[in-house]
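In: Pasting the sequence and the predicted coordinates here, then a few questions.
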Amino acid sequence: MAPPLDHERAAGSAPVDVRKVQMNPFRNGAVRASLVLLPAVVLLSACSTDPQNVFDPRSDFTRMIADLFWQIIWAAVVVFVLVQGALVYAIIRYRRRANQGLPPQVHGNTRLEVAWTIAPALVLAWIAVPTVQTIFRTYEVPSGPDVLTIEVIGHQYWWEYRYPGGNVVTATDLHVPVGRRVVLRITSADVIHSYWVPKLAAKRDAIPGHVNTLWFTAEQTGVYEGQCAEFCSLQHANMRLRVFVDDQPTFDQWLRTNAQPAATPTSPEAQRGSQLVLQGTCAGCHAINGTNARGQIGPNLTHFASRSTIGGGIMPNTPENLDRWLENPQAIKPGNLMNVVVANPQDRQATIAYLQTLR
Amino acid sequence: MTVNVGQLGHAVAAKPTGLWSWLTTVDHKRIGILYGVTAFIFFLIGGIEALLVRMQLFVPGATVLTPDQYNQLFTMHGTTMVFLAIMPLNAAFLNYFVPLMIGARDVAFPRLNAFSYWVFLFGGLLMNLSFVIGGAPDFGWFGYAPLTERQFSPELRADFWAIGLQVLGIASLAASFNFIVTIINMRAPGMTLMRMPPFVWMQFVTQWLLALALPPIAVALILLIFDRHFSTNFYLSEWGGDPILWQHLFWIFGHPEVYILILPAFGMVSDILPTFARKPLFGYTFVVYSGIAIGFLGFIVWAHHMFATGMGPVADSAFAIATMLIAIPTGVKIFNWIGTLWLGQTAYKTPALFAVAFIAMFIIGGLSGVMHASPPADLQQTDSYFIVAHFHYVLFGGAIFGITAGAYYWLPKILGRMLNERLGQIHFWLMLIGFNLTFFPMHFVGLNGMPRRTYTYPAGFGWELMNQLETIGAFIIAISFLFFIYNVLVSMRSGAIAGNNPWGAGTLEWSIPSPPPVYNFATLPVVRSLYPLWDGPNDSRLTTPAASTTPEEAHVHLPNPSYWPLVTAFGVTLAGAGIIFGFVLTGIGILILLAGAYSWALEPAS
Ligand SMILES: [Cu+2]
Ligand SMILES: [Cu+2]
């Protein structure tokens, strides 16, 4: 099955975040007291460096959400301890013992009822106010010349990106500059998907006929993992993505390169490969800018060699993996929409040689 | 009494036996048993589906199931547990006990009641037939368009699903009308609305929810069937439709559905706790009114399932606040249950154990629910395993724990024998541990970025350990239910005789023999309080439980058995199945339906 990704973590990008350590409720004594939580405590505290942890925000957008989320968690922890505590106390203290007469036949207490109607209302108000404020902020989509707007299009089972100007069309790997406002305009070409990058952008659904927006400003360079969150059929599990947060010069360089039409192959093998691709079935599904390949079913391959993965992030982009992919994409990602094989090994080598020139 | 005399025969109170008697029964108790047994079998099927899913997720990249099998199994697990297990298990208790608890001899429309059961059975079979004909539904239990449309689901799977649900909806609608009328009209003398046991009240609210929530999904499904078969474009955006329409219609049903699943369990627990604490339910009126409030609020919160669809800040805020409001009446209930235990003398027999565990688990599910009531926070939670954790805490930790409490509490009334207490306790502890081991880690794995409905996951994301715990927990749950099954099978034959009122309970169903005679009450009771059996010198809590009274020779008018409900139900299902298999069948089905309905209407009354 899907070979594990050796996802390169953002190197050295995690200075100890003091605030997070303090706010982590799983280090809090009151919660630890709760036996239910205990086994998980140790586990979670080790988790925040995991690639898709939602409590490790690395953008203004996810930080805003995490702050709100922690506030709610704190409210929930307080309520949990009080109510569960009262329950456990009542269970232990008021269990039946031998030779008891009937207990007092209490039918209720209106004052208590009013109190415990108002109390949760207050707790909820405490959550509702920042919630509503944050809702409005999530929808305040930034605009202006310094904002980078990228179209994100969900396909069964890969993500397409279109950068301003229309020349840069790529897949799976999103490149954004650090410290700059990014707006994602998200839609779908087929069924509903959901674009989820836990550390940078949270999620919004990609719905055919609708355009949803997410905005964020990445705080640190690095690579961030994400994936489709709305079930979209057979290969939903392998509809992965990555966000590369580059420094401005690296990003500019990337953008310039990717705006170029495809390179013309020079070696004889790559030239043979280009004929196979451009005159074969491939061109019907894949576009390669600057050639006659204009297919729209699969990812744009103009700069395929500069991408880090193959097949919606299912495996690293290496010649060996590419060979496996072309030999039988259905064996690697069963049910994906590339239903052709390049059976002949020599043809595969030539095709790979060509694809590798597409830097 | 307002029994519809026209429907009564002169059957003497002898207990009919044999297969035919079950096929033609119109006795609410037997229909309750049919519901219970069928639903429990579906529960086991849904459980096996879950075990297969958990096996596939035990390690990253497992190959126990193909992606296609996985998608069928998780879809059918959800569909089965919601529509074929929990709803009909609730219907089983509804059927068997609501008439007994309100002091009635049967329901208002006994044959309609049988019809409901048969439609449910056939609908469930039709849905599961898909497994052997081209594959089961594979798009998740809420079937989001356009994935269910013909261009993305060309096979019959979506048709099985849409028609199956439509047929099952008919069963629930018929039952809801039946029980609304029954509860309004057939209460024993003195059983005012505010003397109805809380279980009856919560079922009453539930039946209203069904009656009002099923029409939207019926519409949604009809539009889907039109899209698939007659090339309309209700959910297809490129032709002017909108997939979001499906989501609204589905969740306008889907959120009340959550309360349809859980309210009966609220009622069960509200009846069980007082019995074992030997004091009345704390704040009965508040429990009743908060149940009604939940029913109303349940209709204005549906779009909290859609916060990631980008509805805009105003809609998000409105649905967020409405959703948070629901936590208030829910909290009131929890406080009142704790208040019932407070100063009480709870004996922790198996039903009481399950009932208090229900409260504890439901608190957790309720709190995680409030967390995703906040739309920005929900952008990190929705469609992740955090949601899977949440709804299993309310539907398993809530509904199933409540129903299991109800089973241990009321099965002695049905079987006439007590269940084994030791086995019950083993079941309880295994289930409690297994349940938390399965579902608590899902909170963490979800917040650690694992989306739901993925047949595989990569290593290195910090998900492996949690998934292993979850799978182990799932098997512990499965084992715990083996104890239950064994317990019921053994106790049915050799359990201690239950007597009328083994628990010293206060409500009417415990005033009659166990199992109750066909006519329920030889003479209709006159009710003077919420706990009639606790009144006066014969307070059942102070007297040693008497052996069962022998049913009296009673000449009571009872409705005649009839096979027309069965025939009619078959016609309904066949008519629906025709949309899958060809419209000829629809024609035949409609003919059978008409023949059945007319014969039913013209059937001699006695
Ligand atoms: Cu997906
Ligand atoms: Cu809901």
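Out: Right, received. Where do you want to start? Ligands and ions are numbered 1, 2, ... in the order given.
In: okay, how far is it across stretch B:332-349, tip to tip?
Out: When the termini of stretch B:332-349 are compared using Cα to Cα, to the nearest Å, they are 25 Å apart.
In: Check stretch A:207-217 too.
Out: Looking at stretch A:207-217, the gap from its leading to its trailing residue is 24 Å under the measure Cα to Cα.
In: Contacts for that stretch next, please.
Out: Defining contact as Cβ atoms under 8 Å, 6 or more residues apart in numbering or on different chains, one finds that stretch A:207-217 is touched by A:59-62, A:141-142, A:179-192, A:195, A:200-206, B:146, B:237-238, B:242-244, B:309-310. Placement of C-beta: from N, CA and C, glycine included.
In: quick one: it to chain centroid distance?
Out: Here stretch A:207-217 shows a centroid-to-chain-centroid distance of 14 Å under the convention Cα atoms, centre = their mean, to the nearest Å.
In: ok so, going back, of the contacts of stretch A:207-217, buried ones?
Out: Buried positions within the contacts of stretch A:207-217, assessed by neighbour count (16 or more other Cβ atoms under 10 Å in any protein chain shown), are A:59-62, A:181-188, A:190-192, A:195, A:200-206, B:146, B:237, B:242-244, B:309-310.
In: per-residue pLDDT, the residue nearest to the spatial centre of chain B?
Out: In chain B, the residue lying closest to the centroid (Cα atoms, centre = their mean) is residue B:87, at 2.3 Å. Per-residue confidence at residue B:87 stands at 98 (pLDDT).
In: secondary structure element for it?
Out: In this structure, residue B:87 is located in helix B:87-101 according to DSSP states H and E.
In: can you give me the strands in the stretch 51-200 of chain A?
Out: Using DSSP state E, counting those that start in this stretch, the strands assigned to the stretch 51-200 of chain A run over residues A:148-155, A:158-162, A:169-171, A:173-177, A:181-188, A:193-197.
In: And the helix or strand hosting residue B:565, how far out from the chain middle?
Out: Remark: residue B:565 resides in helix B:564-581, with elements defined by DSSP H and E. Shown here is helix B:564-581, whose average C-alpha point lies 23 Å from the average C-alpha point of the whole chain (Cα atoms, centre = their mean).
In: Restricting to C-alpha, output it in PDB.
Out: In PDB, the C-alpha atoms belonging to helix B:564-581 read as follows (Å, rounded to 0.1, in the frame of the first residue of the first chain):
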ATOM      1  CA  TRP B 564     -52.600  -7.600   5.600                       C
ATOM      2  CA  PRO B 565     -50.000  -5.300   7.200                       C
ATOM      3  CA  LEU B 566     -47.300  -7.800   6.100                       C
ATOM      4  CA  VAL B 567     -48.700  -7.900   2.600                       C
ATOM      5  CA  THR B 568     -49.100  -4.200   2.300                       C
ATOM      6  CA  ALA B 569     -45.600  -3.600   3.700                       C
ATOM      7  CA  PHE B 570     -44.300  -6.100   1.100                       C
ATOM      8  CA  GLY B 571     -46.000  -4.100  -1.600                       C
ATOM      9  CA  VAL B 572     -44.500  -0.800  -0.500                       C
ATOM     10  CA  THR B 573     -41.000  -2.300  -0.500                       C
ATOM     11  CA  LEU B 574     -41.500  -3.900  -3.800                       C
ATOM     12  CA  ALA B 575     -42.800  -0.700  -5.300                       C
ATOM     13  CA  GLY B 576     -39.600   1.000  -4.100                       C
ATOM     14  CA  ALA B 577     -37.300  -1.800  -5.200                       C
ATOM     15  CA  GLY B 578     -38.800  -1.400  -8.700                       C
ATOM     16  CA  ILE B 579     -36.900   1.900  -9.000                       C
ATOM     17  CA  ILE B 580     -33.700  -0.200  -8.600                       C
ATOM     18  CA  PHE B 581     -34.700  -3.300 -10.600                       C
END
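In: Noted, bye for now.
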